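K.L.:
Got a predicted structure here, sequence first:
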Protein chains: 6
Amino acid sequence: MKISARNSVKGVVKKVKIGVVSAEISIEIAPGIIITSIITKGSAENLGLKEGKEAYVVIKSSDVMVAVDDGK
Amino acid sequence: MKISARNSVKGVVKKVKIGVVSAEISIEIAPGIIITSIITKGSAENLGLKEGKEAYVVIKSSDVMVAVDDGK
Amino acid sequence: MKISARNSVKGVVKKVKIGVVSAEISIEIAPGIIITSIITKGSAENLGLKEGKEAYVVIKSSDVMVAVDDGK
Amino acid sequence: MKISARNSVKGVVKKVKIGVVSAEISIEIAPGIIITSIITKGSAENLGLKEGKEAYVVIKSSDVMVAVDDGK
Amino acid sequence: MKISARNSVKGVVKKVKIGVVSAEISIEIAPGIIITSIITKGSAENLGLKEGKEAYVVIKSSDVMVAVDDGK
Amino acid sequence: MKISARNSVKGVVKKVKIGVVSAEISIEIAPGIIITSIITKGSAENLGLKEGKEAYVVIKSSDVMVAVDDGK
């Protein structure tokens, strides 16, 4: 399946934390760059996410904000 | 200002494309990893975004999806 | 690729409207039920979207609001 | 109240699952098409959502992604 | 219609800027507090938005970030 | 840090409710106008949010919907 979300980056799952409805997943996409994701507990189980597994972070371009340091 | 968005990654602006209301910004956050962002034209101008400038991509964790390859 | 977005529904593209940065896509997912999507022009071109083509709408569960009629 | 969210589809609540802060609601909008929503527990209670109740799913067009099968 | 989005604040439209696909709407919700919204051009026309008209800004709680000043 | 999110409004934290993964924060931005936010528990702790503390609500313009009363 090809999807319209423009950003898809491969990484490795570093941590999985499960709540009642939600789950928090940390994925390292480059050395030292860890992206945190909140998905439903159902999705986390369905994807079989666990530490050490390869996974992609997928982000729509309209969900990416841009910031700059003050004074630059 | 410290913000609740969990993901903030530094990079360099690679491309800026301006529309009537929106602007598309490409930021390289690691060698070969380019993140595309859609923000308003007003924000792009206000932040002074242009090629070569340092900038951060900022993403809420609830806006990060996770995917895995089929069959893994 | 399997993705954490919980909602994926197959349909047929009914209309494609292209702007400078954005594109508006209408997809019929059941008789009379048409879902409208705004994606980047780049994604619309990359996916080869045009009238009559089969396509899926994909929606994160945290992006789905619920409403009820007043007084019910 | 008329809202800018372009997509509003009527259905019937099939399941309600309550967490500490969040709630997961499943709504059938056409035979076999079930949409899953995550809202706050407060909203779920405020709307009086329960199995069998009529409800709408409401989705902004910028929150709808589009996907196509590979190779099509 | 009652909706799950937790935040609904009444205001007055201050500015409407129309693009090819998108529209930018500025709404004053309290003296000096102006909220900017990007919706589709189709929604802006459908709601009949123009300067001076009463309108509500509606925001899901999961789309509201929180920030604090550094050092506080 | 200057961010592309167009809406940033100062207020005072009125309530903090903590779940397993998520936290619900209520911030009063003008007399009687309270905005509710869902962020991760980790962010709430990291920002040191508690009742009476000054904080900003930050919202992307594409996350702001607009509504009007029926018949107006």
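P.N.:
Received, thanks. Residues are numbered from 1 along each chain as shown, chains lettered A, B, ... in the order given.
K.L.:
and chain A, which of its residues are near chain C?
P.N.:
Proximity of chain A to chain C, by Cβ under 8 Å from any Cβ of the partner chain, involves residues A:1-6, A:37-40, A:42-44, A:46-47, A:56, A:58, A:61-62. Any C-beta I mention is one placed from the backbone N, CA and C, and that applies to glycine too.
K.L.:
Swap in 6 Å and give it another go.
P.N.:
A:1-2, A:4, A:39-40, A:43, A:47, A:61 (Cβ under 6 Å from any Cβ of the partner chain).
K.L.:
Need the nearest residue in space to A:S37, chain neighbours excluded.
P.N.:
Spatially, and ignoring its direct neighbours in sequence, A:S37 is nearest to B:V64 (3.7 Å; Cβ to Cβ, 6 or more residues apart in numbering or on different chains).
K.L.:
quick one, phi/psi of that neighbour?
P.N.:
In terms of degrees, to the nearest 10, the main-chain angles of B:V64 are phi -100, psi 120.
K.L.:
For chain F, tell me whether stretch A:65-72 is touching it.
P.N.:
Yes: looking at stretch A:65-72 against chain F by Cβ under 6 Å from any Cβ, the contacts come from A:65-68.
K.L.:
next one: stretch A:55-62
P.N.:
Yes: using Cβ under 6 Å from any Cβ, stretch A:55-62 reaches chain F at A:S62.
K.L.:
Enumerate every residue touching the residue lying closest to A:K10 once chain neighbours are set aside.
P.N.:
With Cβ to Cβ, 6+ apart as the criterion, A:K10 has its nearest non-adjacent residue at 5.4 Å, and that residue is A:Y56. Contact analysis of A:Y56 by Cβ atoms under 6 Å, 6 or more residues apart in numbering or on different chains lists A:8, A:10, B:67.
K.L.:
hang on, the earlier thing: pLDDT added to the residues of stretch A:65-72 next to chain F, as CSV?
P.N.:
Formatted as CSV, the residues of stretch A:65-72 next to chain F follow (pLDDT from 0 to 100):
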residue, pLDDT
A:M65, 96
A:V66, 97
A:A67, 96
A:V68, 96
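K.L.:
Show only the entries of those residues found in strands.
P.N.:
Cross-referencing these with the strands (criterion: DSSP state E) gives A:65-68 as the overlap.
K.L.:
out of those residues, who's near chain B?
P.N.:
Filtering these for proximity to chain B (criterion: Cβ under 6 Å from any Cβ) leaves A:65-68.
K.L.:
who touches A:D70 in this structure?
P.N.:
With contact set as Cβ under 6 Å, 6+ apart, A:D70 has no partners.
K.L.:
Look at it and give its secondary structure.
P.N.:
coil (DSSP: H, G, I helix; E, B strand; the rest coil).
K.L.:
returning to what we had before: can you list the ones in strands among the residues of stretch A:65-72 next to chain F in a markdown table and add neighbour count and distance to D:V16?
P.N.:
As requested, those are arranged in a markdown table below (neighbours: other Cβ atoms under 10 Å in any protein chain shown; distance: Cβ to Cβ, whole Å):
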| residue | neighbour count | distance to D:V16 |
| --- | --- | --- |
| A:M65 | 25 | 33 |
| A:V66 | 25 | 38 |
| A:A67 | 20 | 38 |
| A:V68 | 19 | 44 |
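K.L.:
Out of these, which two are the most distant from each other?
P.N.:
Within these, A:M65 and A:V68 form the most distant pair, 11.1 Å apart (Cβ to Cβ).
K.L.:
Quick one: low-confidence residue ranges for chain A.
P.N.:
Residues of chain A meeting the criterion pLDDT under 70: A:71-72.
K.L.:
what are the ranges of the helices in it?
P.N.:
Per DSSP state H, chain A carries helices over the ranges A:41-46.
K.L.:
quick revisit: tell me the one among the ones in strands among the residues of stretch A:65-72 next to chain F nearest to chain D.
P.N.:
Proximity of those to chain D, judged by Cβ to the nearest Cβ, is greatest for A:M65, which lies at 14.0 Å.
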